[in-house]
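Trainee: Turn this into a model:
(one chain, ligands or ions: 1)
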Amino acid sequence: MTKQNVMISEKNSTSGLMTTITVAMSNSSLFSSAAQKPPARPGGGYLAISRKKLLKQLEIEGSARINAWVDSMKASSPTHIKSSACLASTDDHQRSWILHHPSALSMFEQIIDASKGKQIVMFLDYDGTLSPIVEDPDRAFMSDSMRAAVRDVARYFPTAIVSGRCRDKVYNFVRLAGLYYAGSHGMDIRGPTKGPKYKKRNNQGVLFQPASEFLPMIDEVYKALLEKTKSITGAKVENNKFCLSVHYRCVEEKKWTVLAEQVRSVLKEYPKLRLTQGRKVLEIRPTIKWDKGKALEFLLESLGFANCNDVLPVYIGDDRTDEDAFKVLRERGQGFGILVSKIPKDTNASYSLQEPSEVMDFLHRLVEWKRLTARHN
Ligand SMILES: O=P(O)(O)OC[C@H]1O[C@H](O[C@H]2O[C@H](CO)[C@@H](O)[C@H](O)[C@H]2O)[C@H](O)[C@@H](O)[C@@H]1O
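Mentor: Below you'll find the model as predicted:
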């Protein structure tokens, strides 16, 4: 993002004198589309526009952004009943999607074949992957049987839980000591508190928090968002330590625009924070170049698998933020992303699973296969 010095000129109505102030602004906050961007100014000169024009521009950009947010909030929440013609084309779409992203259960043998001579490393998202999506984020409990499946998997394979939630919270849900935990979308990584059997190279004592300088800002924004959104019934602001979530799952659809405006009115004071979207949630996080994909790479490196061919990372997740990890795997040409979804979605994952119960089946099969091969060797 490039910075542009903007000179605002104003004519004093009584004196008739022009006064000017200069403001350093990012191009992206000034111009809503690339087409509107001014030509580059060698040497970073001034762009003179009137205050009126600037405010108008900001207003247009602001409402365009709100509309885009709300459109995206609606697009990820299909609520309308489909006509039969529409249903038929949906079926076709579903069939074609599943051809491109087959079930990881039906492709299990192929996945195992690809792991020959390689160490499988498991990366598991939490919400919607290990626990079903529920209305109250504080009650997204994991079943005991899922916990047992994850514990078994972690006995045989290095395993990390990668979540948008704050690390302590996700740990309190999972409650397994021998795992890596990457909370706050990977911005808070901690190695196992109990020595895992699979210990390879230098994987102990990992603690990595690339966004620690943002803590005071996140706290401030958390308080501001709590205050700002308190009038909206059902809205919930969650403090995930290095990032925040504004939930709208329980907010009436007609209030989504107001909520988006409230969030934007707070965020516009914090250009170092950005907004992404998840499942009926607006996620606010630092603009640093760090995401679940970077966390995956960091963890592979911590486990001693940087630049190695003898590793097969498998990442299972259900949300948009998991796409960063799927993309890394695709670009590395290594391992597989598995998207948990019942409906076709644009994804960089190779395979799919429909819901957490299928994730559990997949984990069981991995363990069963590992036990069998261990018996034969
Ligand atoms: O990366 P994840 O572990 O998938 O975390 C992403 C967000 O998950 C949680 O919200 C989602 O699950 C809630 C409970 O089922 C649901 O009520 C909400 O609508 C979902 O968006 C979590 O509460 C968020 O903080 C995470 O960012």
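Trainee: any idea how far Tyr180 lies from the ligand?
Mentor: From Tyr180 over to the ligand the distance is 14 Å, taken as Cβ to the nearest ligand atom, to the nearest Å. C-beta here means a position set from N, CA and C on the backbone, and glycine is covered the same way.
Trainee: Secondary structure element for the residue nearest to that residue when sequence neighbours are not counted, which one?
Mentor: Nearest residue to Tyr180 in three dimensions, chain neighbours excluded: Ala160, at 3.7 Å (Cβ to Cβ, 6 or more residues apart in numbering). According to DSSP states H and E, Ala160 maps onto strand 159-162.
Trainee: what's across from the residue nearest to Tyr180 in the sheet?
Mentor: Per DSSP bridges, the residues bridged to Ala160 are Phe123, Tyr180.
Trainee: what about it, neighbour count?
Mentor: If you count neighbours by other Cβ atoms under 10 Å, Ala160 ends up with 28.
Trainee: what sits against it?
Mentor: 121-124, 179-182, 296, 299 (Cβ atoms under 8 Å, 6 or more residues apart in numbering).
Trainee: hmm, back to that, buried ones in the strand holding Ala160, by neighbour count?
Mentor: For strand 159-162, the neighbour count (16 or more other Cβ atoms under 10 Å) marks 159-162 as buried.
Trainee: Give the single residue among those positioned nearest to the ligand.
Mentor: Val162 (6.9 Å; Cβ to the nearest ligand atom).
Trainee: On the three-state scheme, the closest residue to the closest one other than its chain neighbours is what?
Mentor: Ranked by Cβ to Cβ, 6+ apart and with sequence neighbours excluded, the top spatial neighbour of Val162 is Ala182, at 4.5 Å. When classified by DSSP: H, G, I helix; E, B strand; the rest coil, Ala182 comes out as strand.
Trainee: And the residue nearest the centre of the chain, its phi and psi?
Mentor: Centroid-nearest residue in the chain: Thr321, 2.2 Å away (criterion: Cα atoms, centre = their mean). Main-chain dihedrals, Thr321, degrees, to the nearest 10: phi -70, psi -20.
Trainee: what about the closest residue to the ligand within the stretch 151-300 of the chain, neighbour count?
Mentor: Closest residue of the stretch 151-300 of the chain to the ligand, Cβ to the nearest ligand atom: Gly164 (2.9 Å). Counted by other Cβ under 10 Å, the residues lying close to Gly164 total 26.
Trainee: separation between the closest residue to it other than its chain neighbours and Tyr222?
Mentor: Nearest residue to Gly164 in three dimensions, chain neighbours excluded: His185, at 5.0 Å (Cβ to Cβ, 6+ apart). For His185, the distance to Tyr222 equals 16 Å [Cβ to Cβ, to the nearest Å].
Trainee: More neighbours: these two, which one.
Mentor: His185 (28 against 19).
Trainee: Checking my notes, the more buried one in a helix, right?
Mentor: Yes. Under three-state DSSP, His185 sits within a helix.
Trainee: wait, it sits on Gly293?
Mentor: No. Using Cβ atoms under 8 Å, His185 makes no contact with Gly293, being 10.1 Å away.
Trainee: neighbours around Glu135, how many?
Mentor: Neighbours of Glu135 (other Cβ under 10 Å): 12.
Trainee: That one: helix or strand, and which one exactly?
Mentor: Going by DSSP H and E, Glu135 is not in any helix or strand.
Trainee: Quick check: phi and psi at the residue nearest to Asp219 when sequence neighbours are not counted.
Mentor: Spatial nearest neighbour of Asp219, chain neighbours left out: Asn239 (7.6 Å); criterion: Cβ to Cβ, 6+ apart. Note on Asn239: backbone dihedrals following degrees, to the nearest 10 are phi -90, psi 110.
Trainee: Next, count neighbours for Asn239.
Mentor: Asn239, neighbours per other Cβ under 10 Å, totals 17.
Trainee: Same check on the one 10 residues further on?
Mentor: Counted with other Cβ under 10 Å, the burial measure for Arg249 works out to 16 neighbours.
Trainee: number of nearby residues for the nearest residue to it once chain neighbours are set aside?
Mentor: Of all residues not flanking Arg249 in the chain, Lys280 sits nearest, at 3.9 Å (Cβ to Cβ, 6+ apart). Per other Cβ under 10 Å, the neighbour tally for Lys280 reads 17.
Trainee: What of Tyr270?
Mentor: Neighbours of Tyr270 (other Cβ under 10 Å): 17.
Trainee: Then His247?
Mentor: A count of neighbours around His247, defined by other Cβ under 10 Å, yields 22.
Trainee: wait, what's in contact with it?
Mentor: Applying Cβ under 8 Å, 6+ apart, one finds that His247 lies in contact with 137, 235-238, 280-281.
Trainee: which helices and strands sit right next to the helix or strand containing Arg375?
Mentor: Per DSSP H and E, Arg375 falls inside helix 356-376. Judged by 3 or more Cβ pairs under 8 Å, 6 or more residues apart in numbering; DSSP states H and E, helix 356-376 is in contact with helix 108-114, strand 119-125, helix 144-156, strand 336-340.
Trainee: I'd like the ones you listed written out as JSON lines, with mean neighbour count, mean pLDDT and distance to Val328 added.
Mentor: Supplementary listing: the helices and strands packed on helix 356-376 in JSON lines, determined by neighbours: other Cβ atoms under 10 Å; pLDDT from 0 to 100; distance: least, Cβ to Cβ, whole Å:
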{"stretch": "helix 108-114", "mean neighbour count": "14", "mean pLDDT": "97", "distance to Val328": "17"}
{"stretch": "strand 119-125", "mean neighbour count": "23", "mean pLDDT": "98", "distance to Val328": "10"}
{"stretch": "helix 144-156", "mean neighbour count": "18", "mean pLDDT": "98", "distance to Val328": "21"}
{"stretch": "strand 336-340", "mean neighbour count": "26", "mean pLDDT": "98", "distance to Val328": "9"}
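Trainee: Of the ones you listed, give the one that comes closest to Trp369.
Mentor: With Cβ to Cβ, the closest approach to Trp369 among those belongs to helix 108-114: 5.9 Å.
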